[in-house]
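Enquirer: Attaching a predicted model along with its sequence, questions to come.
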Amino acid sequence: MVKCRGCGDEVSEKAYFCPRCGLRTEAGEEAGAKTPISTRPGWERDIETALSNATKLMEDAFEAAKKGLQRAADEIEVEVEKARDWDTKRSAPVYCPKCGSKNPSDSQYCTACGKEIPRDL
Ligand SMILES: [Zn+2]
Ligand SMILES: [Zn+2]
């Protein structure tokens, strides 16, 4: 006697199908016995469908999450890039439009000639 993989009932090892739930036994599998669609247990079909649906849904959800994370990471990178850019501009020395003297980055007036330095930041 072997145990049915479906319901756990004892089945003769010569049987191709479980007499209780109709599931094909290992002997039936080896012999290549085809499960008749009409007697194929519904739960088996349902579980297969549910499993494949669930797998698909999980894959989709995973893909979406991955894309979302990637997008967020990209956005953060852009922001960091912008901040770094702005920082560089802000700390760069400015040149007087009148005399060309180099002035500290936050100068509003040229330290050499007193000309107002236009700030574009
Ligand atoms: Zn069974
Ligand atoms: Zn100047």
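Expert: Yes, it's here. These figures come from a predicted structure and were not determined experimentally. Ligands and ions are numbered 1, 2, ... in the order given.

Enquirer: What's the separation between Tyr95 and Lys115?
Expert: The gap separating Tyr95 from Lys115 is 11 Å, by CB to CB, to the nearest Å. In this view, the C-beta of every residue, glycine as well, is placed from N, C-alpha and C.

Enquirer: And for Gln108?
Expert: 10 Å.

Enquirer: and these two? which has more neighbours close in?
Expert: Lys115 (14 against 10; other CB atoms under 10 Å).

Enquirer: For the closest residue in space to that one that isn't next to it in sequence, list the residues it contacts.
Expert: Leaving out its chain neighbours, the residue that sits closest to Lys115 by CB to CB, 6 or more residues apart in numbering is Lys98, at 4.1 Å. Each residue near Lys98 by CB atoms under 8 Å, 6 or more residues apart in numbering is listed here: Cys110, Cys113, Lys115.

Enquirer: Heading C-terminal from the helix or strand harbouring Phe62, find the next helix or strand.
Expert: Assigned by DSSP states H and E, Phe62 belongs to helix 42-91. Next along the chain after helix 42-91, taking DSSP H and E as the criterion, comes strand 94-95.

Enquirer: Return the list of strands paired to that following strand, each annotated with direction.
Expert: The pairing partners recorded for strand 94-95 under DSSP bridges are strand 102-103 (antiparallel).

Enquirer: What are the contacting residues of the partner strand?
Expert: Pro93, Val94, Tyr95, Cys96, Cys110, Thr111, Ala112, Ile117.

Enquirer: what pairs with the third one across the strands?
Expert: If I follow you right, that is Tyr95. Taking DSSP bridges as the rule, Tyr95 bridges to Lys102.

Enquirer: Just give the nearest non-adjacent residue to the residue of the chain most remote from its centre, would you?
Expert: Note on the chain: the largest C-alpha distance from the chain mean falls to Cys113, namely 59.1 Å (CA atoms, centre = their mean). Distances taken as CB to CB, 6+ apart put Cys99 closest to Cys113, at 4.6 Å, once the chain neighbours are dropped.

Enquirer: part of a strand, is the one you found?
Expert: No: assessed by DSSP: H, G, I helix; E, B strand; the rest coil, Cys99 does not belong to a strand; its assignment is coil.
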